[in-house]
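Student: would you be able to build a 3D model of this:
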Amino acid sequence: MLKRITSILTAIIVVGLTPAAPRAPRVPRVHRHPVRVHRRLGPEEDPRALPEDDVPAAGGEPFEGLWQLQDMPAWLHAIARPDHLKTVMERNIAEFASGVMALEHVQPRRRRLEDGVFDGIFELTIKGPDGVHRRICLRGVADPRRSARGYVISPGVPFGEDSWRCTVPDLRLVLQTPPVDTALPALAILTDPSRARALLEDGIRRGSPAHADISIAGCTPTVTRYNPGSRCTVVYRLEYGAEPEGKDWPEVVVAKTHRGDKGRIAYLGMRALWESELRRSTVVTIAEPLAFLPELRVLIQGAVPGESRLSDLMESVLPGGTGRDMEGLRDVLAKTARGLAALHGCGAHGQTFGWEHESADVRKRVGRLAEWIPGFDGTLEPALARLDALAASHPPQRPVPSHRSFRPAQVLLHEGHIAFIDFDGFCEAEPAMDLARFRASIKQSVMRLGSDEERPEPSLHVLSELDGLCDLFLEEYARVAPVSRERVALWETLYLLESVLNCGLKVEPERLEGSMALLERHVRQSRLSLV
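Tutor: Numbering: from 1, shown residues only. All right, here's what the predicted structure looks like:
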């Protein structure tokens, strides 16, 4: 039963819970350079470009070695192509090959490389013998050190049922029904209305003295995020009997379960923030932590108002937003900057996180890719060492309460007000970390839209507009709190570098060119001496 729940949840999340925003008309895609020709931005493309003798040529030093990501095995890149996946699955899955079922579409999701092995989730749209369409999710694993033909296949198991397995030798891929999600033991409880009701009532009574007498009659769960083996977020609308008159019981609560220790860290961070002056802030809203259940690794929190996210607003406005749309976006960005300054100044305490931790993580990513591209780590080491040396020569500001994963998706919008969510990485760090993460995320999200076949690639005008929005965000923050611009530039380089590395680790070759363009543009404009 739990296996079926896991498969259903995966399908819900990858399909999406709300209708997609209207797409812009399709614009023919113009490839700016052949696949293996490294793009070098000309000075005319950057209004603030520096003289050639002051700036490394984009696409050359210091990050030329990143283009080796194009040299990943061809069969691995083929896994990222829906058209190719459809063809090979139709040929290798018996139900499709025989015509009993029709495979209408396949979309790769949540792809990653770990320990020299590919692991991913594939969403299939199929038409059954009865003509009914449905979506199912399959897990796919490819180990180049082992032939797919060597796996034991269970004969007679119907397609999509527990224990079903199939090989796709062309892609060295083994497909199977997603196994039980043992990393998230609370999953079955959180998605069952009856069991979730009891868990929420008992947890809130024990964890929140202000609601010690809460009596929940029923709840309606809605899964809003699910990453198999990693995390699940469920929003509940609560129902009460006659008791809540005069009570301040919540109408909506959120439960999150994480693999490992993330939930406990998030709860402690949220408690520290709730007990600080940020709880009474007029510039940003945060959620109240209600309970943490260590035996199930479940965090229960109050909900914050929000009809949409800042990331949604950006997607609707950029590229091609009207002047009025852009003015609204600028206003929200200014509020977000002031809200971040309030977070940084609230005085809450957490674990310390610094440049050395993020730099070490980048090196780990490079090492994982070196398993697929021999010598990749050695090629990038000079640039990484130079980044560390520059960081050492520009000392950080004192640590402040920080979000650590601060992106437009973590900013909720409601009637002109903003709220911050997802404090899973709460820590104390220098202000530049959150500022740079947010600026890099703005650029990455718009460039990611450009990799969508239904959208045009961002123009140079749009990229310049993005620079202006990022600068507005930083300037507004600097009005109310001190900031080291050199440190922001360094951290932003690190995050944009991570984005390029993730094109390989997440097997997203279609994003490599855009991610490299962002990194190269930033290096040119930041005046960092990386050579």
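Student: which helices and strands sit right next to the helix or strand where Val234 lies?
Tutor: Secondary structure assigned from DSSP states H and E places Val234 in strand 231-239. Other elements packing on strand 231-239 under the criterion 3 or more Cβ pairs under 8 Å, 6 or more residues apart in numbering; DSSP states H and E are helix 187-190, helix 193-207, strand 218-227, strand 252-258. No exception for glycine: its C-beta is placed from N, CA and C like everyone else's.
Student: could you dump the ones you listed to CSV with distance to Leu530?
Tutor: Rendered in CSV, the data for these read as follows (distance: least, Cβ to Cβ, whole Å):
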stretch, distance to Leu530
helix 187-190, 45
helix 193-207, 49
strand 218-227, 34
strand 252-258, 36
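Student: how about the contacts made by Phe406?
Tutor: Counting by Cβ atoms under 8 Å, 6 or more residues apart in numbering, Phe406 makes contact with Leu340, Phe420, Asp434, Arg437, Phe438, Ser441.
Student: tell me the one among those residues nearest to Gly468.
Tutor: Nearest to Gly468, judged by Cβ to Cβ, of the contacts of Phe406 is Phe438 at 14.9 Å.
Student: doesn't the closest one lie inside a helix?
Tutor: Yes. Phe438: assigned to a helix according to DSSP: H, G, I helix; E, B strand; the rest coil.
Student: can you tell me how far it is from Thr493?
Tutor: With the distance defined as Cβ to Cβ, to the nearest Å, Phe438 ends up 15 Å from Thr493.
Student: for the closest residue to Pro178 other than its chain neighbours, which three-state class applies?
Tutor: Spatial nearest neighbour of Pro178, chain neighbours left out: Arg139 (4.8 Å); criterion: Cβ to Cβ, 6 or more residues apart in numbering. Reducing the assignment at Arg139 to three states with three-state DSSP gives strand.
Student: you'd agree Arg139 is up against Pro179?
Tutor: Yes. At 7.3 Å, Arg139 counts as touching Pro179 under the criterion of Cβ atoms under 8 Å.
Student: so for those two, which sits in the more crowded spot?
Tutor: Neighbours per residue (other Cβ atoms under 10 Å) separate Arg139 from Pro179, with Arg139 holding more: 21 against 15.
Student: specify the beta-bridge partners of the more buried one.
Tutor: Beta bridges link Arg139 to Ile121, Gln176, judged by DSSP bridges.
Student: before we move on, back to that, what about Phe438 and Thr493, which has more around it?
Tutor: Using other Cβ under 10 Å, the more surrounded residue of Phe438 and Thr493 is Phe438, with 27 against 24.
Student: residues in contact with the more buried one?
Tutor: Taking Cβ under 8 Å, 6+ apart as the test, what Phe438 contacts is Thr336, Leu340, Phe406, Arg407, Pro408, Phe473.
Student: next one: Ala436
Tutor: Contacts were defined as Cβ under 8 Å, 6+ apart; by that measure Ala436 touches Arg487, Val488, Ala489, Leu490, Trp491, Glu492, Leu494, Tyr495.
Student: run through this structure and note the low-pLDDT ranges.
Tutor: 1-61, 147-155, 243-244, 319-323, 448-460, 531 (pLDDT under 70).
Student: which strand in it has the most residues?
Tutor: Under DSSP state E, the strand in the chain containing the largest number of residues is strand 102-114.
Student: quick check: angle from that one to strand 218-227?
Tutor: Between the direction of strand 102-114 and that of strand 218-227, the angle (axes from the mean of the first three to the mean of the last three Cα atoms, to 10 degrees) works out to 70 degrees.
Student: report the buried residues of strand 102-114.
Tutor: Residues Leu103, Val106, Gln107, Pro108, Arg110, Arg111, Leu113 are the ones in strand 102-114 that count as buried (16 or more other Cβ atoms under 10 Å).
Student: now stretch 191-208
Tutor: Under the neighbour-count rule (16+ other Cβ under 10 Å), stretch 191-208 has Thr191, Ala196, Arg197, Leu199, Leu200, Glu201, Gly203, Ile204, Arg205, Gly207, Ser208 buried.
Student: same check, this time on stretch 472-486
Tutor: Within stretch 472-486, the residues that qualify as buried are Phe473, Leu474, Glu476, Tyr477, Ala478, Ala481, Val483, Ser484, Glu486, counting by 16+ other Cβ under 10 Å.
Student: how long is stretch 163-176 from one end to the other?
Tutor: This stretch, stretch 163-176, spans 7 Å end to end (Cα to Cα, to the nearest Å).
Student: how far out from the middle of the chain is it?
Tutor: Centre-to-centre, stretch 163-176 and its host chain are 27 Å apart (Cα atoms, centre = their mean, to the nearest Å).
Student: look at the nearest residue to Thr285 once chain neighbours are set aside and tell me its secondary structure.
Tutor: Of all residues beyond its chain neighbours, the one nearest Thr285 is Ala419 (3.9 Å), with distances taken as Cβ to Cβ, 6+ apart. With three-state DSSP as the basis, Ala419 sits in strand.
Student: for Leu519, same thing?
Tutor: helix.
Student: now do the contacts for it.
Tutor: Contact analysis of Leu519 by Cβ under 8 Å, 6+ apart lists Phe63, Leu66, Thr493, Leu496, Leu497, Ser499, Val500.
Student: most neighbours among these, which one?
Tutor: In terms of neighbours by other Cβ under 10 Å, the contacts of Leu519 top out with Leu66 at 26 neighbours.
Student: from the buried residues of strand 102-114, which single one is nearest His133?
Tutor: When those are ranked by distance to His133 (Cβ to Cβ), Leu103 comes first, at 11.2 Å.
Student: could you give the bridge partners of that closest one?
Tutor: In this structure, Leu103 has the following beta-bridge partners (DSSP bridges): Ile126.
Student: so it makes contact with Lys86?
Tutor: Yes. The pair Leu103 and Lys86 qualifies as a contact (Cβ under 8 Å) at a distance of 6.0 Å.
Student: which other residues reach the strand or helix carrying Val332?
Tutor: Val332 is part of helix 323-344, with elements assigned from DSSP H and E. Helix 323-344 is touched from outside by 273, 278, 281, 283-284, 310, 313-314, 316-318, 321, 400-403, 406, 411, 413, 418, 420, 431, 434-435, 438, 465, 469, 472-474, 476-477, 480-481, with contacts defined as Cβ under 8 Å, 6+ apart.
Student: distance check, Leu380 against Pro144.
Tutor: Here the criterion is Cβ to Cβ. By it, Leu380 lies 22 Å from Pro144.
Student: who has more neighbours out of the two?
Tutor: Legend: neighbour count by other Cβ under 10 Å for Leu380 and Pro144, higher for Leu380 (23 against 14).
Student: of all the residues in the helix or strand where the more buried one lies, which ones are buried?
Tutor: Here Leu380 sits within helix 376-393, counting by DSSP H and E. If you call a residue buried by 16+ other Cβ under 10 Å, then helix 376-393 has these buried ones: Phe376, Asp377, Thr379, Leu380, Ala383, Leu384, Arg386, Leu387, Asp388, Leu390, Ala391.
Student: packing partners of it?
Tutor: Packed on helix 376-393, when contacts are counted by 3+ Cβ pairs under 8 Å, 6+ apart, are helix 355-370, helix 485-505.
Student: as a markdown table, those helices with distance to Cys166 would be great.
Tutor: Formatted as a markdown table, the entries for these read as follows, by distance: least, Cβ to Cβ, whole Å:
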| stretch | distance to Cys166 |
| --- | --- |
| helix 355-370 | 27 |
| helix 485-505 | 26 |
